[in-house]
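Enquirer: Build me a model:
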Amino acid sequence: MRVQDAIYHRKWDRSHYNRHLQIYNIEYCLGLLLYDCKRLAVNYSLALEFITAFPSPSSEQYTVSRQFELYYAFDSAVTAAMRTLDSYRPLLWHGFNEPGQVPNSFKRTVTAATRLPEDVRNFIAEMRDIVHAAKEHRDCIQHYFSPGVHTDFVDIQKLGIGVWALTAWLPDNVETRSALKFTYDNKTDALSITWELVNSIVRLFEMLAGHIAEADPPKHTA
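Expert: Numbering: from 1, shown residues only. You can find the predicted model right below:
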């Protein structure tokens, strides 16, 4: 579903220019997010193909360091994810006729909004844990350092004849902002959490666009 097709017709209390800019910004952010997610998946595939071309002869599971490309792609994807959620603020606010100025963060917008449909609010509540984890990683990347500076290793595991799996670990406690305190007990994989996050963000857009279009269907003229 194209963003323009879903919400272009909405008559928000905005200037013509700003309304277009907000719509294009959402479309751009969604496109960037999907691009970064695909890039991460491709990097996994390339790393796995390269590493398993020369597998360890003595083990069916081993660790390989200096896999920075995977963490470069994760950093980009998680940053794009938070940027995309932020771009949804006009939809959450003007899309449901909330009065006044749009709050300056996704969390503040959701908290202040009084007219969100119940299923949208419930879905955002379900997203809370993964969005919080994404925000903690983004904040560490942007304000301190990328966890990939310290966590540049991957685990390779043989699943069967000619079948291998790759896992790029993320720290459990990135909020400590200390690489020396990072733990990996939860075995969180970068691609798995990114995939779940992206699916949730895309699903949220579909729900918002659907409600807005249903409330004010486009007028077709001959």
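
Enquirer: Pull the helix or strand T79 falls within out as CSV, backbone CA atoms only.
Expert: Assigned by DSSP states H and E, T79 belongs to helix 68-87. C-alpha atoms of helix 68-87 as CSV (Å, rounded to 0.1, in the frame of the first residue of the first chain):
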residue,chain,number,x,y,z
PHE,A,68,31.5,-5.5,11.4
GLU,A,69,29.3,-5.4,8.3
LEU,A,70,26.5,-7.1,10.2
TYR,A,71,26.6,-4.5,12.9
TYR,A,72,26.8,-1.6,10.5
ALA,A,73,23.6,-2.8,8.9
PHE,A,74,21.9,-3.4,12.3
ASP,A,75,22.9,0.1,13.5
SER,A,76,21.3,1.6,10.3
ALA,A,77,18.2,-0.5,10.6
VAL,A,78,17.5,0.3,14.3
THR,A,79,18.1,4.0,13.7
ALA,A,80,15.7,4.0,10.7
ALA,A,81,13.1,2.1,12.8
MET,A,82,13.0,4.9,15.5
ARG,A,83,13.0,7.5,12.8
THR,A,84,10.0,5.9,11.1
LEU,A,85,8.0,5.7,14.3
ASP,A,86,8.7,9.4,14.9
SER,A,87,7.4,10.1,11.4
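
Enquirer: Pull the residues that contact whatever helix or strand comes next after that helix.
Expert: Following helix 68-87 in sequence order, the next helix or strand is helix 89-93 (DSSP H and E). Contact with helix 89-93 is made by 7, 12, 14, 22, 26, 98, 102-103, 105-106, 109-110, 113, 116, 205, 208-209, 212, as judged by CB atoms under 8 Å, 6 or more residues apart in numbering. Bear in mind the C-beta positions are built from the backbone N, C-alpha and C, glycine included.

Enquirer: if you set the cut-off to 7 Å instead, what comes out?
Expert: With contact meaning CB atoms under 7 Å, 6 or more residues apart in numbering, helix 89-93 is reached by 7, 22, 102-103, 106, 109-110, 113, 116, 208, 212.
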